[in-house]
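Peer 1: no FASTA, just this:
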C-alpha cells in the first residue's frame, strides 16, 4: 500500500516509522524538507530491507497552499501509480482564554486544522471513487474533539468540526474506510507552535518532562494499529484520560457535574497532564 502523511516530527514521524517496519510504501510530506529526509533515512533503516529509497517519496508541502493540493496529489500518483491511504496529520494546538481570542486566530486555526485537511481529503475521495479503489482516509483529531477542554476554544471547535466532516464522510461512503484518531496529551513539541489569542503569536513553551503524557513513539504505534484494523474512531492516552473520556462520553450528565464542581485550575491540570 502507498500512504501519504504529514510526517516531519512527533506523531507523524513515529507513525511513518511504524508503517515502514511493516513494509508500507510512504509519501512523507511537510514544510521542512531537511527533516523529512532524516525521517526517510530512519524509515529505511527500520524497514530492515522491506523498503528501498524509491519506496519512500519525500514531498515538501505546505498544507495552507490549498491551490496546489491537486498538483501535490498528482505528483504522488506519478511516482507510485496509485494511493491507498491518506493520513491527515497537519495541525496546530492552542492556549488562550475564551474571551480573549481574536476572530482572526479562529479563522487561521480553522484554515489549517480543518479546511486544508478537508480540501485534500476531498481530492483523495474523488480519486478513490474514480479509480474504483476502496480507499482509506485517516485524520488526527484529539481528545479535545470528543469533550471540550479549557484554554483551547478555537482548537476544540476545530476538532469538533473535523468529527463532523469525517463522520459525514463515514455516513455517505460506508464502503470507504475512514479513521478518526484521537490522541490525548503526548510528548511532542506541539506547544512551541501552538496558537494563542493573538494573530501571529505562538505559545512558545515546551512540554515538561514530568508531565504524564504518552510518548510520541507509543502514539505512533497505536495509530498504526488503528489504521491496520481500519478502526472508525478511537482515543488513546495515559490514565486517567481514557477513563475520563469513557465516563464523559457515555454519561454526559456526569461530565456537566464534573466540570461544574472541579475548579478551572484542576481542569487545566488534567488537560495538560501535570
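Peer 2: Right, received. Where do you want to start? These figures come from a predicted structure and were not determined experimentally.

Peer 1: what about residue 57, which SS state?
Peer 2: Of the three states, residue 57 takes strand under DSSP: H, G, I helix; E, B strand; the rest coil.

Peer 1: for the closest residue to residue 177 other than its chain neighbours, phi and psi?
Peer 2: Nearest non-adjacent residue to residue 177, counting by Cβ to Cβ, 6 or more residues apart in numbering: residue 136, 4.0 Å away. (Each C-beta comes from the backbone N, C-alpha and C, glycine too.) Dihedral angles of residue 136 (phi, psi; degrees, to the nearest 10) stand at phi -140, psi 120.

Peer 1: Identify the residues contacting residue 136.
Peer 2: Residues near residue 136 by Cβ atoms under 8 Å, 6 or more residues apart in numbering: 84, 85, 86, 176, 177, 178, 179, 227, 230.

Peer 1: just residue 128 next, same as before
Peer 2: 134, 135, 176.

Peer 1: cool, and residue 217?
Peer 2: Here residue 217 is in contact with residue 14 (criterion: Cβ under 8 Å, 6+ apart).

Peer 1: picking up where we left off before, want to throw the contacts of residue 136 into TSV with distance to residue 101, pLDDT and neighbour count?
Peer 2: As requested, those are arranged in TSV below (distance: Cβ to Cβ, whole Å; pLDDT from 0 to 100; neighbours: other Cβ atoms under 10 Å):
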residue	distance to residue 101	pLDDT	neighbour count
84	39	97	17
85	34	97	22
86	30	97	25
176	35	97	17
177	35	98	20
178	30	98	24
179	30	98	23
227	33	97	23
230	36	97	13
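
Peer 1: ok, so of those, who is nearest residue 140?
Peer 2: Using Cβ to Cβ, residue 179 is the member of the contacts of residue 136 that lies nearest residue 140, at 9.6 Å.

Peer 1: from memory the closest one sits against residue 231, does it?
Peer 2: Yes. Counting by Cβ atoms under 8 Å, residue 179 touches residue 231, with 5.7 Å between them.

Peer 1: ok so, going back, so of the contacts of residue 136, which ones are in strands?
Peer 2: 85, 86, 177, 178, 179 (DSSP state E).

Peer 1: which one of these sits closest to residue 71?
Peer 2: Nearest to residue 71, judged by Cβ to Cβ, of the ones in strands among the contacts of residue 136 is residue 86 at 15.5 Å.

Peer 1: Nearest residue to the closest one in space, please, no chain neighbours.
Peer 2: residue 124 (4.3 Å).

Peer 1: what's the answer for residue 98, then?
Peer 2: That would be residue 153: by Cβ to Cβ, 6+ apart, it lies 4.6 Å from residue 98.

Peer 1: separation between the one you found and residue 168?
Peer 2: Going from residue 153 to residue 168 by Cβ to Cβ, to the nearest Å gives 23 Å.

Peer 1: neighbour count winner among those two?
Peer 2: Each of residue 153 and residue 168 has its neighbours counted (other Cβ atoms under 10 Å); residue 153 has more, 22 against 11.

Peer 1: quick one, what contacts residue 102?
Peer 2: 197, 198, 199.
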